[in-house]
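> Following is a predicted model, sequence given first.
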Amino acid sequence: MSKIRSALLAALIGATSMIIALDQVRAEDKSLTFVSYQGTLQDSQIKAWQQPYTASQNVQFENDSPPDGAKLKAMVEAGAVSWDVMDQGAAFAEQNCGKLLEKLDFSKIDTSQFPAGSVSDCGLPVYFFALTFVYNTEKYKDHPPTKLADFFDLKNFPGTRVLPPDISLGTLEYALMADGVDAKNLYPIDVDRALKKLDTIKSSIIFTKTNGALQQALVDGQADMGFAVTGRVIASAKAGAPIAPVWDKTILGWDALIVPKGTPNLTTAMDFVQFVSRPEQNKRFAELAGVIAATSKATPDYSDLNKTFNPRLHDETGDRVLLSNVKWWAANLNSVIAKVTPWMSR
């Protein structure tokens, strides 16, 4: 009889444990806190990703911003993580994998649909953006620039130039290619050579602290040329800036979905990342946000304006669009900033 009681007790304990585990999963599945960059981008992520996921999985979302790395670090170190999924730069995913971030579950994700080198252990690509060379069509209507070297040619193309606040987006790479470096040999970046090339136009450069200020410089006509990310270029054009792109070599960067280490909703967060990886979600997001689709299986119906500034649609030779070397930037960003910052103030 005692054996029967023991068996029944063990079964009861097992059943109770299972019920508790199921209750924990159900509790976890109720909500996720998603962190991104506000504005059109996050609104598009809500519509393309969150709303259909809520409809199919009954998971509610809270949205927060910005996806601040220092705040995440403080959360993880304190063991009080309140964020579940974040949109962050690909280099951040490389730098903090296994430290501040969970490794992703790729068991249900077709990674072959993403460009080689863009998927990392802790980051899933969700959209690409170009650092686009644009010029003022009214300023240069009779003699427009056609190649990267023209950006550095003040004699034939006089005028002000505006640069983005983030040095890792491609400015140094463009300087090197304009100086004769082959696109295949950009990395490791020769920072001194790139800065020497930038020295030739430094007197005509507007340095910006935010992408908003860069956009305003294009709209107001303060800048005659510029390097700007896709979203800001499109927003500038919508605001009336008379700008057109130069399709020489174009650097693509990308953002990734990441999962903070210690999230209380790990299972649901991983499932949501898998959901976002689907081509139909990527297609819808690219259409709404005007960004470059992350997956080759997505076929967005872009507006005419978005088509104008999408480098993939203008790469007739197949060698004009280059992926940023995120691994190199993740390992070297701090040392590059330490060198570039004093150069800017000289």
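Structure's in. What do you need? Residues are numbered from 1 along each chain as shown.
> Tell me where the model's unsure across the chain.
Under the criterion pLDDT under 70, the flagged ranges of the chain are 1-29.
> Closest to the centroid, which residue in it?
The centre of the chain sits closest to residue 255, judged by C-alpha atoms, centre = their mean, with a distance of 2.1 Å.
> any idea how far residue 231 is from that one?
Taking C-beta to C-beta, to the nearest Å as the measure, residue 255 falls 11 Å from residue 231. All C-beta spots, glycine's among them, are computed from the backbone N, C-alpha and C.
> Mutual contacts of those two, please.
Taking C-beta atoms under 8 Å, 6 or more residues apart in numbering as the contact criterion, the common neighbours of residue 255 and residue 231 are residue 129.
> Residue 299: how many residues sit nearby?
By the measure other C-beta atoms under 10 Å, the count of residues near residue 299 is 12.
> Give me the secondary structure label for it.
At residue 299 the chain is in coil, as set by DSSP: H, G, I helix; E, B strand; the rest coil.
> doesn't residue 280 make contact with it?
No - the pair formed by residue 299 and residue 280 falls short of the contact definition of C-beta atoms under 8 Å, at 10.1 Å.
> can I see the domain layout of the chain?
Taking automatic domain parsing as the domain assignment, the ranges for the chain are 2-127+255-289, 130-253+317-345.
> where do the strands sit along the protein?
Assigned by DSSP state E, the chain shows strands spanning 31-35, 60-64, 85-89, 124-136, 161-163, 205-207, 225-229, 243-258, 321-323.
> Make TSV out of those and add distance to residue 336.
Supplementary listing: the strands of the chain in TSV, determined by distance: least, C-beta to C-beta, whole Å:
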stretch	distance to residue 336
strand 31-35	26
strand 60-64	29
strand 85-89	15
strand 124-136	15
strand 161-163	14
strand 205-207	15
strand 225-229	16
strand 243-258	15
strand 321-323	18
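> From what I see, residue 165 and residue 211 are in contact.
Yes - using C-beta under 8 Å as the test, residue 165 is close enough to residue 211 to be in contact (6.7 Å).
> These two - which one has more neighbours?
For residue 165 and residue 211, the more surrounded residue by other C-beta under 10 Å is residue 211, and the numbers stand at 17 against 13.
> Contacts only, for the residue nearest to that one when sequence neighbours are not counted.
Leaving out its chain neighbours, the residue that sits closest to residue 211 by C-beta to C-beta, 6 or more residues apart in numbering is residue 232, at 5.1 Å. Applying C-beta under 8 Å, 6+ apart, we find residue 232 in contact with 211, 212, 214, 215, 218.
> Kindly recompute the last result at 10 Å.
With C-beta atoms under 10 Å, 6 or more residues apart in numbering as the criterion, the residues that contact residue 232 are 129, 132, 134, 164, 210-212, 214-216, 218-219, 226.
> quick one, what contacts residue 213?
Listed by C-beta under 10 Å, 6+ apart, the contact partners of residue 213 are 162, 164, 165, 206, 207, 222.
> would you turn these into a markdown table with distance to residue 122?
Output for those, formatted as a markdown table (distance: C-beta to C-beta, whole Å):
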| residue | distance to residue 122 |
| --- | --- |
| 162 | 33 |
| 164 | 25 |
| 165 | 25 |
| 206 | 35 |
| 207 | 32 |
| 222 | 39 |
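> picking that back up, I'd like the contacts of residue 232 as CSV, with distance to residue 81 appended.
Formatted as CSV, these follow (distance: C-beta to C-beta, whole Å):
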residue, distance to residue 81
129, 28
132, 36
134, 40
164, 31
210, 28
211, 28
212, 30
214, 33
215, 33
216, 36
218, 39
219, 39
226, 38
